[in-house]
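Visitor: okay, sequence plus prediction incoming.
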Amino acid sequence: MYESDAESLRRKHLAERSDYYSADDFSSLKQSASQDYPINSFATNQLNSDPYGFAFGGRQVELDRFGYPLQASSNAAESMENYPFNTRSLESHSNYFMGSRGQLGASDQTERSQRPLRVVHVGQYMFVAGIESWLRALIRYSDRSNIEFVRCVITGEVHDHRVIRSMGIPVEVGRAAAVQQAARDCDVMLFSGPSDLKSLLGDVKPTASVFVAHGDAMWTQRILAETRELIDHCIAVSKTAQDRICGGMPSTVILNSIDPAHLVASESRTSVRERHGFSEDDFVLGYVGRFSSEKRVELLVQAVRLLPKNVKLLLVGWGALTTELMNLANELIPGRYAFATAESSLGSYYSAMDVHCMVSESEGFGLSMAESMFCGIPLLCTSVGFVPDKLIDRVNCAVVEPSPESIRDTARLLLEHPQWRNAIAVGGRRVIESFAFPQRMCRQYEQTLRQVWRDKVRES
């Protein structure tokens, strides 16, 4: 059962290793989190009412595995009076009666298929990154009559309480006990890590387990290899990720989406540029993302050095390589760069750029590419993420090789041909509008999770 007193919940257990980041990256994140963001073992929005049915105001209510009262009254009004939580579910299913604990009978399974699937998400970290943006959009825009997110479980020790609060559902930090309880409380477990999830679950298995391949690099491959026996279905965020990660497994491609609420421009282009030392006559190349080795941000610094003096660089992000990149920029392009961090209102930063650049070694999807294109900013990129499947070089993006010279040559063409640059921006936005709104992504997840769950119920 769940109570409002966070201290009554399980203590968090810290992860002993990092599956997603290098040792330097992990150390930097851990230090930042411990210094700036005090962590609680259980974090959730402090709301007056809890539509998900987990904060009971101190009332102790015995629940079944789906979060419903074990002795629900046949009178809907009486039920809501006695149990003033999860009223949406009680109103929708006032005539539903739970049987004994444990396996659902055939009639229960039929009823279950007609009401929301209960979904949990398990991951290793939670901070400002692409996975968290994907998860927040999935929670925010899903149809709650189809799927209902119960909670998230974080198994590692690096998390940002501001991101946790933004999820809008309970978030628990824990290891085996937390993961096992989540598996008991859900119909479908979505996960992207950790690699030791199998040992954390022990003998407890959710009805259905779905792995989400957010990338195509070695850490995603390692996680999938070590959790393969748990996986009933794999969802890849791009065709490239599916081809490289999901071979031999039942899989579906569901492209990620942007979240328009995350792209609000709270400041004008002129104001952002002035605040970072850029004039309207400057041609600003920009980057939004994590400062890590696979992003190859140093190539942008080296390319700007080869371009005219009015070409500047705006780097928006964080990561273990921040200091190294600052030192490189100060050495190669002094007075021609600025660093910034942003958690929301990213539209302000995108609008300050003339070209957004993403020259990564690999991307599962490439969220910042889609975000910048939606904001009407032309994209200069390597052929990663959704680029090979959705974009056409020189039509709605500008594809480069991962070298300072290739970036320089393409950036110069974009600088010297503003009409072509604007055409790429218009074409890019049209492509993003064709597939990247969150409602489309959520409907696909709802359909896929429902089908996977039904198949598992039939098997059992």
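Guide: Perfect, I can see it now.
Visitor: shaky segments in this structure?
Guide: Residues of the chain meeting the criterion pLDDT under 70: 1-113.
Visitor: longest helix anywhere in it?
Guide: Counting residues, the longest helix found in the chain (DSSP state H) is helix 438-459.
Visitor: give the phi and psi angles for the closest residue in space to Val311 that isn't next to it in sequence, as a check.
Guide: Spatially, and ignoring its direct neighbours in sequence, Val311 is nearest to Phe283 (4.9 Å; C-beta to C-beta, 6 or more residues apart in numbering). C-betas here are computed from N, CA, C, even on glycine. Phi and psi for Phe283, reported as degrees, to the nearest 10, are phi -110, psi 110.
Visitor: OK, contacts around Phe283?
Guide: Contacts of Phe283 were listed using C-beta atoms under 8 Å, 6 or more residues apart in numbering, and they are Pro308, Asn310, Val311, Lys312, Asp354, Val355, Leu415.
Visitor: show me these that map onto helices.
Guide: Members of the contacts of Phe283 lying in helices (criterion: DSSP H): Leu415.
Visitor: please enumerate the helices of the stretch 351-460 of the chain.
Guide: Counting by DSSP state H, counting those that start in this stretch, the stretch 351-460 of the chain has helices at residues 367-374, 387-390, 404-416, 418-435, 438-459.
Visitor: nearest to Tyr141, out of the ones you listed?
Guide: helix 438-459 (4.1 Å; C-beta to C-beta).
Visitor: the closest one - contacts with which helices or strands?
Guide: With contacts defined as 3 or more C-beta pairs under 8 Å, 6 or more residues apart in numbering; DSSP states H and E, helix 438-459 has these neighbours: strand 117-123, helix 130-141, strand 147-154, strand 188-191, strand 208-213, strand 233-236.
Visitor: touching the fifth one from outside, list them.
Guide: What that stands for is strand 208-213. Residues outside strand 208-213 that contact it (C-beta under 8 Å, 6+ apart): 187-192, 220, 223-224, 227, 230-237, 241-242, 245-246, 364, 448-449, 452-453, 455-456.
Visitor: which of those count as buried?
Guide: In the contacts of strand 208-213, burial by neighbour count holds for 187-192, 220, 223-224, 227, 230-237, 241-242, 245-246, 364, 448-449, 452-453, 456, counting by 16 or more other C-beta atoms under 10 Å.
Visitor: name the nearest residue to the residue nearest the centre of the chain, ignoring sequence neighbours.
Guide: With distances taken as C-alpha atoms, centre = their mean, Ile131 lies nearest the centre of the chain, 2.3 Å away. In space, and not counting its chain neighbours, Ile131 is closest to His214: 5.4 Å by C-beta to C-beta, 6+ apart.
Visitor: so the one you found makes contact with Leu135?
Guide: No: assessed by C-beta atoms under 8 Å, His214 is found out of contact with Leu135, at 9.9 Å.
Visitor: between the two, who's got more neighbours?
Guide: Using other C-beta atoms under 10 Å, the more surrounded residue of His214 and Leu135 is His214, with 28 against 22.
Visitor: need the contact list for the more buried one.
Guide: Each residue near His214 by C-beta under 8 Å, 6+ apart is listed here: Gly130, Ile131, Trp134, Ser192, Thr220, Val237, Ala241, Gly364, Phe365.
Visitor: can you tell me which of the residues you listed is nearest Val288?
Guide: Checking the contacts of His214 against Val288 by C-beta to C-beta gives Gly130 as the nearest, at 10.5 Å.
Visitor: nearest residue to the closest one in space, ignoring adjacent ones along the chain?
Guide: Distances taken as C-beta to C-beta, 6+ apart put Leu367 closest to Gly130, at 4.4 Å, once the chain neighbours are dropped.
Visitor: what number of residues lie near the closest residue to Asn422 other than its chain neighbours?
Guide: In this structure, Asn422 finds its nearest non-sequential neighbour in Pro378, 7.7 Å apart by C-beta to C-beta, 6+ apart. Using other C-beta under 10 Å, Pro378 has 25 other residues around it.
Visitor: any idea how far the residue lying closest to Gly427 once chain neighbours are set aside lies from Tyr349?
Guide: Sequence neighbours aside, Asn396 is the residue nearest to Gly427 in space, at 3.4 Å (criterion: C-beta to C-beta, 6+ apart). Distance of Asn396 to Tyr349, given as C-beta to C-beta, to the nearest Å: 21 Å.
Visitor: which one of the two has more residues nearby?
Guide: Tyr349 (27 against 22).
Visitor: for that one, pull up the helix or strand it's in.
Guide: Taking DSSP states H and E as the definition, Tyr349 sits inside helix 346-351.
Visitor: which residues are in contact with that helix?
Guide: Under the contact criterion C-beta under 8 Å, 6+ apart, helix 346-351 has outside partners 262-269, 272, 286, 288, 314, 316, 340, 342, 356, 371-372, 375, 377.
Visitor: if any of the residues you listed are buried, put those into a ChimeraX selection.
Guide: To isolate the buried members of the contacts of helix 346-351 in ChimeraX, using 16+ other C-beta under 10 Å:
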select :262,263,265,267,269,272,286,288,314,316,340,356,371,372,375,377
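Visitor: doesn't Cys234 make contact with Leu224?
Guide: Yes: between Leu224 and Cys234 there is a contact at 7.5 Å, judged by C-beta under 8 Å.
Visitor: between the two, which contacts overlap?
Guide: With C-beta under 8 Å, 6+ apart as the test, Leu224 and Cys234 both reach Phe211, Ala213, Ile245, Cys246.
Visitor: among these, find me the one that's closest to Phe386.
Guide: Ala213 (13.4 Å).
Visitor: so where do the strands sit in the protein?
Guide: Along the chain, the stretches classed as strands by DSSP state E are 42-43, 117-123, 147-154, 171-173, 188-191, 208-213, 233-236, 251-253, 283-290, 311-318, 337-340, 355-358, 379-381, 398-399.
Visitor: okay, the ones you listed in a markdown table with distance to Val163 next?
Guide: Output for the strands of the chain, formatted as a markdown table (distance: least, C-beta to C-beta, whole Å):
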| stretch | distance to Val163 |
| --- | --- |
| strand 42-43 | 10 |
| strand 117-123 | 11 |
| strand 147-154 | 10 |
| strand 171-173 | 9 |
| strand 188-191 | 17 |
| strand 208-213 | 18 |
| strand 233-236 | 22 |
| strand 251-253 | 26 |
| strand 283-290 | 14 |
| strand 311-318 | 12 |
| strand 337-340 | 18 |
| strand 355-358 | 22 |
| strand 379-381 | 26 |
| strand 398-399 | 32 |
